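Trainee: quick one: sequence plus predicted model below, questions after.
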Amino acid sequence: MSSLVSLLDRAAGGGRLTFDEGVRLYNDADIHDLGAAAHARRMQLYPTNVVTYVIDTTINYTNVCNVHCTFCAFFRPENHKEGYTMSHDTVLERVKYAADQGATQIMIQGGVNPELGIDWFETLFDRVRREYPDVDIHSLSVSEIVGLAHVEQIGIHDVLSRLKAAGMKSLPGAGAEILVERVRKRISARKVKPHEWLDVMRVAQTLGMPTTATMMFGSIETAEERIEHMHVLRELQDETGGFTAFIPWYYVPFKTPLRGREATGLEYLRVLAVSRLYLDNFPHLQASWLTPGLKMGQMALFYGCDDMGGTIIEERVVHDAGSTNEATRRDLESLIVKAGFTPVIRDTYWNTRNDIALATAV
Ligand code: SF4
């Protein structure tokens, strides 16, 4: 059996880890050694001190949802008096608010609301595209795509093709949680199965839509199941090359039906570092500061991350679960600079946006 040192050396050089080796590193490697290897791999991929971020917003257009995940404090079932669905005009107002602050990306995401047909989204996206042509529609989630296929009684390919034609350029990796059936049965039993999540991503990627992949960890999964999640993503990436980034974030338990505990900072850093090493074919690793907070987001830059994610001007799903973290552009840039890196603004496709001025003098 290889020593931990030789495993870390191989992974830091971009060598592929087996599933068992990934589990072993996750369970047994020293956190500092893991961080050093992940950072070395990040510097090998991007031998520069640039750390990117995107100016974006999340508009949670409806909280009505028929999926009822136990880790979610945001949704309301159909006909609940606290259920809401924004009008198109309200969504457009929020897009304007973000665009006025320089946003290049909007994530329009919400519950799986069976009252909304695909024409509701086509009309909305077409308006956004025409009124804000400089803003990329990086929106919805696999759950919402599958929900639309059910409502319309059409296939996933047709749903995504129509949304793409209406202006949706890319599909975020939301709704993955942990792509292991045992876990999903406990935390999101009515959600798509792991292979269905991967199938939707495959179709989007085949249609030329860039996608990201997320992992919500810290609910009930084991270390092995975290690596299994990374493993199925790595397999699909080998096949399609369609993922731009991996975004692991941890579950916020405080106001959810599932409850449980919050992951620790060290657990967050361990997941990041192992992700960077295991997902040898993923271009980018994002620091998801929204749940662990800005200071942990800064630490993430030394555990394999090359990107600080987005400003997320508005967001309700994670905040309803009990997160209080928020950041301005100035905050994100300051964190990056104080960690010794140079902030650079990017768009959804990782094109640098030198036409947009930084918020702080660097
Ligand atoms: S996580 Fe998404 S799909 Fe699950 S209940 Fe909440 S809004 Fe619905």
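Mentor: Sure thing, it's come through. Numbers count the residues shown, from 1 in each chain.

Trainee: quickly check: stretch 192-209 near the ligand or not.
Mentor: No: remark: stretch 192-209 sits outside contact range of the ligand, by Cβ under 6 Å from any ligand atom, the gap being at least 9.5 Å. For every residue, glycine as well, the C-beta is placed using N, CA and C.

Trainee: show residues contacting that stretch.
Mentor: 142-143, 145-146, 156-157, 160-161, 164, 168-171, 173, 175-176, 179-181, 184, 211, 213, 232, 236, 239-243 (Cβ atoms under 8 Å, 6 or more residues apart in numbering).

Trainee: inside helices: which ones of these?
Mentor: 142-143, 145-146, 156-157, 160-161, 164, 181, 184, 232, 236, 239-240 (DSSP state H).

Trainee: list the buried ones in stretch 250-265?
Mentor: Buried residues in stretch 250-265, defined by neighbour count with 16 or more other Cβ atoms under 10 Å: Y250, Y251, V252, P253, T256, L258, E262, A263.

Trainee: what about contact with the ligand: does it have any residue there?
Mentor: No: Stretch 250-265 lies out of reach of the ligand by Cβ under 6 Å from any ligand atom, never closer than 9.5 Å.

Trainee: for the record, mean pLDDT for that stretch?
Mentor: For stretch 250-265, mean pLDDT is 92.

Trainee: next one: stretch 154-168
Mentor: Averaging pLDDT along stretch 154-168 yields 98.

Trainee: now that stretch - C-alpha only, CSV.
Mentor: Provided in CSV are the C-alpha atoms of stretch 154-168 (Å, rounded to 0.1, in the frame of the first residue of the first chain):
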residue,chain,number,x,y,z
ILE,A,154,-41.9,16.4,-22.5
GLY,A,155,-38.4,15.1,-22.3
ILE,A,156,-35.4,16.8,-20.6
HIS,A,157,-33.8,17.5,-24.0
ASP,A,158,-36.8,19.4,-25.1
VAL,A,159,-37.0,21.4,-21.9
LEU,A,160,-33.4,22.4,-22.0
SER,A,161,-33.5,23.2,-25.8
ARG,A,162,-36.5,25.5,-25.3
LEU,A,163,-34.9,27.3,-22.3
LYS,A,164,-31.6,27.6,-24.2
ALA,A,165,-33.5,29.1,-27.2
ALA,A,166,-35.1,31.6,-24.8
GLY,A,167,-31.7,32.8,-23.4
MET,A,168,-30.7,30.4,-20.6
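
Trainee: all strands of the stretch 201-350 of the chain, in order?
Mentor: 211-217, 243-250, 284-285, 307-310, 342-346 (DSSP state E, counting those that start in this stretch).
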